[in-house]
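I'll drop the sequence and a predicted model, then ask my questions.
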Amino acid sequence: MSTLKAIINEHIEWRRQILKLAKADITKTYSGAALGWAWALIKPSMTIAVFWFAFTYGLRGGGPVNGFPFILWMIPGFSAWFFMSDMITGGTNAIRKYRYLVTKMKFPVSTIPTFVALAQLALHIGLLLIVILIFIGTGHFPTLYWLQIPFYMFFMLMFFIFWAMFSSMLGAMSRDWQNLIKAIKQPIFWMSGILWDVNKITIPWLQKLLYFNPVTYFATGYRNCFIYDTWFWEEPLQLGIFMGMLVVMVLAGFWSYRKLIREIPDVL
């Protein structure tokens, strides 16, 4: 409880600096490029286009899903993946990337994962607005189910803030951890239902097992908003599993922070 109280107080006291650093994180990433922040949207858009072409014309596996063209089925889950992908690796590298805040300034380490996540969230919102415009432009107008997008977005942000707190601490202590996370990111992508429908798995235990992967939960959740017209409370098993995983991630974040916070400055 003392660790939780300290982290909350640091976030309240440094809230303005957190927002400024989130903006600076985006600016720093795309500084020197003529198109600037536009690259944050151009890169994922090109990736989506390549996968759509491969699955629609190359592999011939991109037929309509639930009455929607494959490209429309794909992009909600993909938009969530770009945020999660950047947080899986970027969250792990957060403290090393901003080591000067730890070694040269009296800056609360617990806030570094937060402003890194907020920077990625801003880019995610921009990409999500493009997804919404694509749906509207193709004649699929907003429904009441779209109102739950903030629910998935909020819990995705919370989960990956605590993931970054846990993983960045270990990443600061060991580059082996960073290399491990980079190595497993691609398997996570292919096993998370980003490009295929988890609901089509006919083996019940395997389908349930996949929902222990938060990436699967959020990719499917976004599609519940845009494609399947399903409220989050209509899937209590998936919701319960995710909430359990969130609690585990919160505890892991607090554990790594409490165990390693005093050693981090010396290691860096």
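Now that the structure is in, tell me what you want to look at.

Find the nearest non-adjacent residue to residue 219, please.
Excluding the flanking residues, the one nearest residue 219 by CB to CB, 6 or more residues apart in numbering is residue 77, at 3.7 Å. C-beta here means a position set from N, CA and C on the backbone, and glycine is covered the same way.

and that neighbour, what helix or strand is that in?
helix 70-92 (DSSP states H and E).

Excluding its own residues, what touches the helix or strand just after that helix? List them.
Sequence-wise, the next helix or strand downstream of helix 70-92 (DSSP H and E) is helix 94-97. Residues from elsewhere that reach helix 94-97, judged by CB atoms under 8 Å, 6 or more residues apart in numbering: 90, 102, 109, 112-113, 116, 164, 168-169, 171-172, 178, 264, 268.

any weak-confidence spans in the stretch 101-250 of the chain?
For the stretch 101-250 of the chain, no stretch is flagged by pLDDT under 70.

hmm, 80 instead?
For the stretch 101-250 of the chain, the stretches with pLDDT under 80 are 105-106.

residue boundaries of the strands in it?
Taking DSSP state E, counting those that start in this stretch as the test, none of the stretch 101-250 of the chain falls into strands.

What's the separation between residue 109 and residue 96?
Distance of residue 109 to residue 96, given as CB to CB, to the nearest Å: 12 Å.

and the two? which has more neighbours close in?
Each of residue 109 and residue 96 has its neighbours counted (other CB atoms under 10 Å); residue 109 has more, 22 against 17.

now the most centrally placed residue in the chain, nearest residue through space, not along the chain?
For the chain, residue 84 is the residue whose C-alpha lies nearest the centre (CA atoms, centre = their mean; 2.3 Å). Distances taken as CB to CB, 6+ apart place residue 215 nearest to residue 84, at 5.4 Å, with adjacent residues excluded.
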